[in-house]
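Colleague: Any chance you can model this:
(one chain, ligands or ions: 2)
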Amino acid sequence: MGLSITIASGKGGVGKTILAANLGAAIAGFGKDVTVLDADIEMANLELHFGLEGMKTTLYDVLRNKADIKDAIYKGPGGVKVVPSGISLYKLRKAELAKLKDILEELLKGTEVLLIDAPPGIGGDVVAVLAAGQELLLVVTPEFASIPGALKTKEVAKKLGTHVLGVVVNRAGHDESDLKVEEIETILGLKVLGAVPEDPEVRRSVGAGQPIVLRSPDSPAALAIKKLAAELIGVKYTPPAPKSLLRFFKR
Ligand SMILES: Nc1ncnc2c1ncn2[C@@H]1O[C@H](COP(=O)(O)OP(=O)(O)OP(=O)(O)O)[C@@H](O)[C@H]1O
Ligand SMILES: [Mg+2]
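Modeller: Ligands and ions are numbered 1, 2, ... in the order given. I've put the predicted structure just below:
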């Protein structure tokens, strides 16, 4: 049985989908069988990060008993497996959302690592996602506005018995007013497992429909994501020295 990690935040737009897609691509790069599942049923967009579009069968069909989960798994770049969500105006019922746990268990029979991209907020859809995953990775940005959502998500996860792995700080290091690692750890009562810098390559990669770890593997954000991915799965990885340092040694 594989390991499932839900990537959630409470606050929207902090980088859950970027991290899910890129941790997936990075973990595949370390030779693991990895599946990334889009659990953001109302605003599905994970597949765009992999340059996949217009897939016929989605998680939405599976939750409504219209398809088997095996038919909703697609091969993405770098060997990562992707389960798209399917955008719909139809709100899933509680009973349909409750099926998620069985679907994840089914997926875990055929993959070593399952990453689940959660929707923002803390509504019924998020609770169902948190209840279905084994582990939770919380994403924040280094600003106070992202903290209350993370705290609420942590509390809900605790009530559901979902283990919280820790926190990833995304878009770090571009402002002096940034919260510091120790401040985030103290407020949330959780360990910061990694930090991903603000990096213009992230937006370019999203536009190109390719994970940054594949498109710009030596960019600062890609290196940080690969480091975090290695830590999550217990693989040894030492990122190469920054290019500026290599040039320095050549002189
Ligand atoms: N490290 C980064 N550097 C620069 N831009 C970033 C970084 N991380 C995220 N972004 C920008 O933020 C946008 C939102 O990221 P993403 O879609 O992953 O957030 P999200 O938490 O999944 O949002 P939602 O809550 O709506 O699902 C990206 O499209 C990108 O433009
Ligand atoms: Mg998202």
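Colleague: Close to ligand 1: what parts of this structure are there?
Modeller: Counting by C-beta under 6 Å from any ligand atom, the residues of the chain close to ligand 1 are 9, 12-18, 40, 43, 120, 170-171, 196, 198-199, 202-203, 206, 221. All C-beta spots, glycine's among them, are computed from the backbone N, C-alpha and C.
Colleague: Could you report the neighbour count for residue 124?
Modeller: Using other C-beta atoms under 10 Å, residue 124 has 13 other residues around it.
Colleague: hang on, it packs against residue 94?
Modeller: Yes - assessed by C-beta atoms under 8 Å, residue 124 is found in contact with residue 94 at 6.6 Å.
Colleague: ok, the spatially closest residue to residue 177 that is not a sequence neighbour to residue 49 distance?
Modeller: Take residue 177 and drop its neighbours on the chain: the residue closest to it by C-beta to C-beta, 6 or more residues apart in numbering is residue 143, 7.6 Å away. Distance from residue 143 to residue 49, counting by C-beta to C-beta, to the nearest Å: 23 Å.
Colleague: And for residue 213?
Modeller: Plainly put, residue 213 is 11 Å away from residue 49 if you go by C-beta to C-beta.
Colleague: can you list residues touching both of those two?
Modeller: Residues touching both residue 213 and residue 49 by C-beta atoms under 8 Å, 6 or more residues apart in numbering: residue 22.
Colleague: ok now do the residue nearest to residue 177, which residues does it touch?
Modeller: 177-179.
Colleague: which among those end up buried?
Modeller: The neighbour-count test (16 or more other C-beta atoms under 10 Å) marks 178-179 as buried among the contacts of residue 143.
Colleague: Residue 129 is in what secondary structure piece?
Modeller: Remark: residue 129 resides in helix 124-132, with elements defined by DSSP states H and E.
Colleague: Can I get that helix as CSV, trimmed to CA atoms?
Modeller: Extracted C-alpha coordinates of helix 124-132, given in CSV (Å, rounded to 0.1, in the frame of the first residue of the first chain):
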residue,chain,number,x,y,z
GLY,A,124,-17.5,19.9,2.6
ASP,A,125,-15.4,19.1,-0.4
VAL,A,126,-12.2,20.0,1.5
VAL,A,127,-13.3,18.0,4.6
ALA,A,128,-13.9,15.0,2.4
VAL,A,129,-10.5,15.3,0.9
LEU,A,130,-8.8,15.7,4.3
ALA,A,131,-10.7,12.7,5.6
ALA,A,132,-9.6,10.5,2.7
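Colleague: moving C-terminal of it, what's the next helix or strand?
Modeller: Criterion used, DSSP H and E; the element after helix 124-132 is strand 135-140.
Colleague: Pull that next one out as CSV, backbone CA atoms only.
Modeller: The C-alpha trace of strand 135-140 is given here as CSV (Å, rounded to 0.1, in the frame of the first residue of the first chain):
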residue,chain,number,x,y,z
GLU,A,135,-1.0,12.7,5.5
LEU,A,136,-1.4,16.4,5.2
LEU,A,137,1.0,18.9,3.8
LEU,A,138,0.0,22.5,4.5
VAL,A,139,1.0,25.3,2.1
VAL,A,140,1.4,28.9,3.3
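Colleague: quick check, that strand touching ligand 2?
Modeller: No - Strand 135-140 does not reach ligand 2 (C-beta under 5 Å from the ion); its nearest approach is 9.6 Å.
Colleague: follow-up on the earlier one: quick check: phi and psi on the residue nearest to residue 177?
Modeller: Phi and psi for residue 143, reported as degrees, to the nearest 10, are phi -130, psi 150.
Colleague: Could you measure from it over to residue 131?
Modeller: 29 Å.
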